[in-house]
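Asks: what would the 3D arrangement of this be:
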Amino acid sequence: MKEKSILEMRGISKSFPGVRALQNVDFTLMEGEIHALMGENGAGKSTLIKVLTGVYEKDEGHIFLKGMDKEASIRSPQDAQRLGISTVYQEITLCPNLTVAENMYIGRGKGFMQNWRKMNADADKILQSLDIPAKSTQQLSSCSIAIQQMVAIARAVDMECKVLILDEPTSSLDEQEVEKLFGLMRDLKSRGVGIIFVTHFLDQVYEVCDKITVLRDGKLVGEYEIENLPRVQLVSKMLGKELDDMADIRSESAVYEEKGDSAPVFEAKGLQSNAGIKPFDFYIKKGEVNGFTGLLGSGRSECVRAIFGADKVIGGTVKKNGKEIKISKPIDAMKNGIAYLPEDRKVDGIIGDLSVRENIVLALQVLQGFFKPFSKAKAYEFADEYIKLLEIKTASADTPIKSLSGGNQQKVILARWLLMHPEYLILDEPTRGIDIGTKIEIQKLVLKLASEGMSVTFISSETDEMLRTCSRLVVMRDRKVVGELSGDDLTQNKIMNTIAGGEAHE
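Replies: As a prediction, the model looks like this:
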């Protein structure tokens, strides 16, 4: 092992049926280092962490830890913990109904023989040494999410962890809480703990980290000292696009807004939801295709969920054709001609046990009211029309939607919203996880709908796809709007520069 390295992973590979999740990946963590593990969705970050923590068994490769004279064998999370590897996840995995001290020592005490006074005193000592503002005897549920995460870290520290993995720890925290967490991370760093920091927030990476390792498509892109990797280069490496090799590939047919009225159809001012996005302004014209772009976790989805009322709106105003309207829940949006295809079709989209027909007519039925059901003949007429229009591959309209392919499920959800004949259609990752042929069909359909006067907001993780379909892009970073691009500025290079924070950070 290298001098001062606390962890070395060499040639790590892991496959699942049909997917090579990791291919010959190396990762090195030094003592007293905060090391960011970066990559877009599907890059392999989670798989690498799960191999290290014994959730998955690696197919190939070697793991070495400081102080061991041979390769580490990690076959379970218990093995990892015994070797001094601890993980604090985005979702708190503690017990809110127990006290802080009980959470710190759960699974390590002697049950009824536990010396409770000593346990509480020991817990308070650790909390004070780490400057965590909590008392051992208070119930964990009375603590903020930030304090709960710090308690999870305190538990790891007390178990003498050498490697601490923080998996998206700041996603639910406000700015003051993030600063407290960073203070704790720096304290642990000074004690020689190696910290692996998994996050999507660029600003946070450059504030607290020493090194960055970038993964893409299950492969190692590289390891970089923080001062040697400007933000725009980091974005480029994560997306796999060099700054000088991307032409503007947007089709001319994607520019439609000139055909529409100059006034916005929908506009929002200072819109804010309980999902943590900063207040933002937004507008869309008739026949326009625009989009929100940014790295995963930047706030793209949260913005459109706020527009649709899918998250609780806590500030701002929305207007339709210049007149203020109130959208506090999805049915309000639907009544105002807004349709929304969500990012996660399996969780928020399809109802698996219902038929294709029932899934297609669902939104229109909700709009009409369940006490005024469609006749069966009418429902079949609607379903057959859109099965034909979108070329949905299904044995019949009565086939359960869960038995369709992902691409065809997506088309069914699209049919559901098109049946409403909305004025404004929001599509969040409509082509994720589907084959290239269906992707192109959906892109063409979006452009066709816009040419007929529908306003469409299109979100995709694939920048190429955004450039093909959108004529204006709102750029997000760290849950706030940081720019807007259109016309000659609508290029890959400009998007990456804006996401990275412009020339000032280079």
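Asks: correct me, but Pro279 touches Gly299?
Replies: No - applying CB atoms under 8 Å as the test, Pro279 and Gly299 come out as separate, 11.5 Å apart. (Each C-beta comes from the backbone N, C-alpha and C, glycine too.)
Asks: have a look at the two and say which one is more surrounded.
Replies: Gly299 (24 against 16; other CB atoms under 10 Å).
Asks: and the more buried one, what pLDDT?
Replies: Model confidence at Gly299, expressed as pLDDT, equals 89.
Asks: ok, and the closest non-adjacent residue to it?
Replies: Residue nearest to Gly299 in three dimensions, not counting chain neighbours: Arg479, with 3.8 Å by CB to CB, 6 or more residues apart in numbering.
Asks: again with Leu202
Replies: Distances taken as CB to CB, 6+ apart place Arg231 nearest to Leu202, at 5.8 Å, with adjacent residues excluded.
Asks: which pLDDT does the model give that neighbour?
Replies: pLDDT recorded at Arg231 is 83.
Asks: please apply the same query to Phe280.
Replies: Confidence score, pLDDT, at Phe280: 94.
Asks: helices of the stretch 351-500 of the chain, start to end?
Replies: 356-368, 376-389, 406-418, 436-451, 463-469, 492-500 (DSSP state H, counting those that start in this stretch).
Asks: contact partners of the first one?
Replies: When you say that, I think you mean helix 356-368. 331, 334-335, 339, 350-351, 354, 373-374, 379-380, 382-383, 386-387, 392, 394, 396-401, 404, 412-413, 415-417, 419-420 (CB atoms under 8 Å, 6 or more residues apart in numbering).
Asks: try it again at 7 Å.
Replies: 331, 334, 350-351, 373-374, 379-380, 382-383, 386, 392, 394, 397-399, 401, 412, 415-417, 419-420 (CB atoms under 7 Å, 6 or more residues apart in numbering).
Asks: got a list of what Ile284 touches?
Replies: 264-266, 290, 424, 455, 457.
Asks: coming back round to it: from the contacts of helix 356-368, keep the buried residues only.
Replies: Buried residues within these, counting neighbours by 16 or more other CB atoms under 10 Å: 334, 350, 379-380, 382-383, 386, 392, 394, 397, 399, 401, 412, 415-417, 419-420.
Asks: hmm, the residue nearest to Gly299 is touching Ala275, no?
Replies: No - Arg479 is beyond contact range of Ala275, at 8.4 Å (criterion: CB atoms under 7 Å).
Asks: report the central residue of the protein.
Replies: With distances taken as CA atoms, centre = their mean, the residue of the chain nearest its centroid is Gly297 (4.2 Å).
Asks: pull the CA atoms of stretch 201-211 into PDB?
Replies: The C-alpha coordinates for stretch 201-211 follow below in PDB (Å, rounded to 0.1, in the frame of the first residue of the first chain):
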ATOM      1  CA  PHE A 201     -23.500  19.500  -5.200                       C
ATOM      2  CA  LEU A 202     -20.500  21.000  -7.000                       C
ATOM      3  CA  ASP A 203     -20.100  24.000  -4.700                       C
ATOM      4  CA  GLN A 204     -19.900  21.700  -1.700                       C
ATOM      5  CA  VAL A 205     -17.300  19.500  -3.300                       C
ATOM      6  CA  TYR A 206     -15.000  22.500  -3.900                       C
ATOM      7  CA  GLU A 207     -15.600  23.800  -0.400                       C
ATOM      8  CA  VAL A 208     -14.800  20.700   1.600                       C
ATOM      9  CA  CYS A 209     -12.900  18.100  -0.500                       C
ATOM     10  CA  ASP A 210      -9.300  17.400  -1.100                       C
ATOM     11  CA  LYS A 211      -9.600  15.000  -4.100                       C
END
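Asks: counting neighbours, what do you get for the closest residue to Leu295 other than its chain neighbours?
Replies: Distance criterion CB to CB, 6+ apart; nearest residue to Leu295, sequence neighbours excluded, is His200 at 5.8 Å. Per other CB under 10 Å, the neighbour tally for His200 reads 23.
Asks: surely His200 and Gly299 touch.
Replies: No - counting by CB under 7 Å, His200 stays clear of Gly299, with 9.9 Å between them.
Asks: got the domain ranges for the protein?
Replies: Following automatic domain parsing, one gets these domains for the chain: 5-239, 244-337+423-506, 343-421.
Asks: the second one: how far from the chain's middle?
Replies: On the basis of CA atoms, centre = their mean, to the nearest Å, the separation between the geometric centre of domain 244-337+423-506 and that of its chain is 17 Å.
Asks: can you give me the helices for the stretch 151-300 of the chain?
Replies: According to DSSP H, counting those that start in this stretch, the helices that the stretch 151-300 of the chain contains are 175-190, 202-208, 231-239, 300-308.
Asks: now those in CSV, with distance to Lys319 and mean neighbour count?
Replies: Shown next, in CSV, are the helices of the stretch 151-300 of the chain (distance: least, CB to CB, whole Å; neighbours: other CB atoms under 10 Å):
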stretch, distance to Lys319, mean neighbour count
helix 175-190, 30, 16
helix 202-208, 32, 18
helix 231-239, 34, 21
helix 300-308, 12, 25
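Asks: turn those helices into TSV, columns for distance to Glu57.
Replies: Shown next, in TSV, are the helices of the stretch 151-300 of the chain (distance: least, CB to CB, whole Å):
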stretch	distance to Glu57
helix 175-190	29
helix 202-208	30
helix 231-239	28
helix 300-308	33
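Asks: among the ones you listed, show the one with the smallest mean pLDDT.
Replies: Note on the helices of the stretch 151-300 of the chain: helix 231-239 shows the lowest mean pLDDT, a mean of 83.
Asks: quick one: it to chain centroid distance?
Replies: For helix 231-239, the distance to the chain centre is 17 Å (CA atoms, centre = their mean).
Asks: does anything pack onto it? Which helices or strands?
Replies: helix 202-208, strand 211-216, helix 492-500 (3 or more CB pairs under 7 Å, 6 or more residues apart in numbering; DSSP states H and E).
Asks: distance to Ile165 added to these, as CSV?
Replies: Formatted as CSV, the helices and strands packed on helix 231-239 follow (distance: least, CB to CB, whole Å):
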stretch, distance to Ile165
helix 202-208, 15
strand 211-216, 13
helix 492-500, 26
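Asks: Leu467 is nearest to which of those?
Replies: Taking CB to CB, helix 492-500 is the member of the helices and strands packed on helix 231-239 nearest to Leu467, at 6.9 Å.
Asks: any stretches of the stretch 1-150 of the chain with poor pLDDT?
Replies: Low-confidence segments of the stretch 1-150 of the chain, defined by pLDDT under 70: 1-2, 41, 90-92, 108-114.
Asks: closest to Lys14 out of the helices and strands packed on helix 231-239?
Replies: For Lys14, the closest of those is strand 211-216, at 12.2 Å, according to CB to CB.
Asks: out of the helices and strands packed on helix 231-239, the one nearest Ile85 is which?
Replies: Using CB to CB, the helices and strands packed on helix 231-239 put strand 211-216 closest to Ile85, at 16.6 Å.
Asks: orientation of the closest one relative to helix 231-239 in degrees?
Replies: Strand 211-216 and helix 231-239 are oriented at 40 degrees to each other (axes from the mean of the first three to the mean of the last three CA atoms, to 10 degrees).
Asks: neighbouring strands for strand 211-216, and are they parallel or not?
Replies: strand 34-38 (parallel), strand 219-225 (antiparallel) (DSSP bridges).
Asks: quick one: secondary structure of Tyr56?
Replies: coil (DSSP: H, G, I helix; E, B strand; the rest coil).
Asks: from Asp79, how far off is it?
Replies: Using CB to CB, to the nearest Å, Tyr56 is found at 12 Å from Asp79.
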